[in-house]
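>>> prediction below, plus the sequence it came from.
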Amino acid sequence: ALVDFNRTHRFRHTVATRLLNSGVPLHVLQRYLGHLTPTMSMTYAQTLQSTAEAEFLRHRKLTADGRELEIDPRDLYDMLELDRRTDRILPNGYCLLPPRQVCGKGNACLTCDKFATDATFLPELQTQLARTTQLITERRATFEARTGHQMGEDNIWLAG
């Protein structure tokens, strides 16, 4: 009888994945599969999200100077997984609010201490700045045309 290579390979892949997810060390899996390098074994490693999170949470979290990190490890894990959390990716940065908390700021992200951004968002931030600058210029001109004097720096709209 002929052996269906696709089925045997799929079975091998399933077994390797299940072994890794159940905690078998990579070097043991490598030997079990007969691979020469760990890289070959890693092609089978599709770690479950729950396994990755459990491994992350298993270790103490320390600051650069050796102090315990004063943040819930689950929240830290969620922050590190932001690229997979589309509800926390904003057009101009990331919301670092822990997922178990609800945002009460509406869309005031730029004034929120849970907002973070980096150079990858620079084009969007520059566009937003240009639009805001244009809006301020238009509102000041409208104000001056209506009132006959310039909008003061203490104007509530301008301050906001």
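Structure received. Residues are numbered from 1 along each chain as shown.

>>> list the buried residues in whichever strand or helix holds F56.
Secondary structure assignment for F56, by DSSP states H and E: helix 49-58. Residues of helix 49-58 classed as buried: E53 (neighbour count, 16 or more other Cβ atoms under 10 Å). Glycine gets a C-beta too; all of them are placed from N, C-alpha and C.

>>> hey, C-alpha coordinates of that helix in PDB?
Output in PDB follows, covering the C-alpha atoms of helix 49-58 (Å, rounded to 0.1, in the frame of the first residue of the first chain):
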ATOM      1  CA  GLN A  49      -1.200  31.900  22.700                       C
ATOM      2  CA  SER A  50      -2.000  30.500  26.100                       C
ATOM      3  CA  THR A  51       1.400  28.700  26.200                       C
ATOM      4  CA  ALA A  52       3.300  31.800  25.200                       C
ATOM      5  CA  GLU A  53       1.500  33.800  27.900                       C
ATOM      6  CA  ALA A  54       2.100  31.200  30.600                       C
ATOM      7  CA  GLU A  55       5.800  31.100  29.800                       C
ATOM      8  CA  PHE A  56       6.000  34.900  29.900                       C
ATOM      9  CA  LEU A  57       4.100  35.100  33.200                       C
ATOM     10  CA  ARG A  58       6.300  32.400  34.700                       C
END
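
>>> show me what that helix is packed up against.
Counting contacts by 3 or more Cβ pairs under 8 Å, 6 or more residues apart in numbering; DSSP states H and E, helix 49-58 packs against helix 73-80.

>>> which strands or helices does the helix it packs on pack on?
helix 49-58.

>>> and the angle for the helix it packs on with helix 73-80?
With axes from the mean of the first three to the mean of the last three Cα atoms, to 10 degrees defining the directions, helix 49-58 sits at 120 degrees from helix 73-80.

>>> show me where this protein has helices.
5-21, 26-33, 38-42, 49-58, 73-80, 122-147, 156-159 (DSSP state H).

>>> contacts for the helix holding F56?
By Cβ atoms under 8 Å, 6 or more residues apart in numbering, the residues outside helix 49-58 that reach it are L20, N21, P73, R74, Y77, L80.

>>> hmm, the first one is touching P38, no?
What it means is L20. No - L20 is not in contact with P38 according to Cβ atoms under 8 Å; the separation is 11.5 Å.

>>> looking at the two, which is more packed in?
L20 (21 against 12; other Cβ atoms under 10 Å).

>>> so the more buried one versus G34, what's the distance?
Separation of L20 from G34 (Cβ to Cβ, to the nearest Å): 16 Å.

>>> ok, now L26?
Per Cβ to Cβ, L26 is found 14 Å from G34.
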